[in-house]
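Undergrad: Build me a model:
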Amino acid sequence: MPSIWAFQHAYPMNAMRAGIEGHVVIRCAVAAGGTVRDCVVLSEEPQGQGFGDAALHLSTLFRMKPMTRDGRPVDGGIITVPIGFRLAGAVHARPSDGGDTASPTPPAR
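TA: Numbers count the residues shown, from 1 in each chain. As a prediction, this is how the structure comes out:
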């Protein structure tokens with residue numbers, strides 16, 4: 001998970017100056033090594049403020065627990081990550097695999 005500093009640094013400057021908060025949902029493939037790739041923006045609110053690009057930039061810092069086959073990590077997991085951009089403190093991402101998402105590195109599907 002990227003640090004709070006990384007989230008603050010990625011916050012779109014024009015949106016920050018205008019006092020605009022945002023929410024993005026991205027979907028990524030999880031590689032066997034735990035990195036993510038091929039991320040796409042599924043939704044972005046409000047549009048046109050740079051939150052989608054910021055979320056894609058942050059995704060390069062994500063590390064996930066890959067799915068396994070016969071006990072070995074393999075490529076092919078897909079995750080959906082909602083990312084909230086908030087001005088008054090917490091900016092967060094929470095990977096979702098459709099199950100329990102409380103762990104910092106949920107298993108990919």
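
Undergrad: mind checking pLDDT for the residue lying farthest from the centre of the chain?
TA: Most distant residue from the mean C-alpha position of the chain: residue 70, 27.6 Å away (C-alpha atoms, centre = their mean). Per-residue pLDDT puts residue 70 at 95.

Undergrad: what's the distance between it and residue 78?
TA: 20 Å (C-beta to C-beta, to the nearest Å). Just so you know, the C-beta spots here come from the backbone N, C-alpha and C atoms, and that holds for glycine as well.

Undergrad: returning to that earlier point: could you report the separation of the residue farthest from the centre of the chain from residue 21?
TA: Following C-beta to C-beta, the distance that separates residue 70 from residue 21 is 44 Å.

Undergrad: Tell me how many other residues crowd residue 78.
TA: Other residues within reach of residue 78, judged by other C-beta atoms under 10 Å, total 14.

Undergrad: Is it bridged to anything, and to what?
TA: residue 29 (DSSP bridges).

Undergrad: Identify the residues contacting the spatially closest residue to residue 85 that is not a sequence neighbour.
TA: Spatial nearest neighbour of residue 85, excluding adjacent residues (C-beta to C-beta, 6 or more residues apart in numbering): residue 22 at 4.4 Å. Taking C-beta atoms under 8 Å, 6 or more residues apart in numbering, we find residue 22 in contact with 12, 15, 44, 45, 46, 49, 51, 84, 85.

Undergrad: now do 7 Å
TA: For residue 22, the residues meeting the contact criterion (C-beta atoms under 7 Å, 6 or more residues apart in numbering) are 15, 45, 46, 49, 51, 85.

Undergrad: before we move on, what about residue 32?
TA: Residue 32 sits in contact with 66, 73, 74, 75, where contact means C-beta under 7 Å, 6+ apart.

Undergrad: again, only using 8 Å
TA: 66, 72, 73, 74, 75.

Undergrad: Tell me which of the residues you listed fall in strands.
TA: The strands, defined by DSSP state E, take in 72, 73 from those.

Undergrad: May I ask which of the contacts of residue 32 has the most neighbours?
TA: Counting by other C-beta under 10 Å, top hit in these: residue 66 with 22 neighbours.
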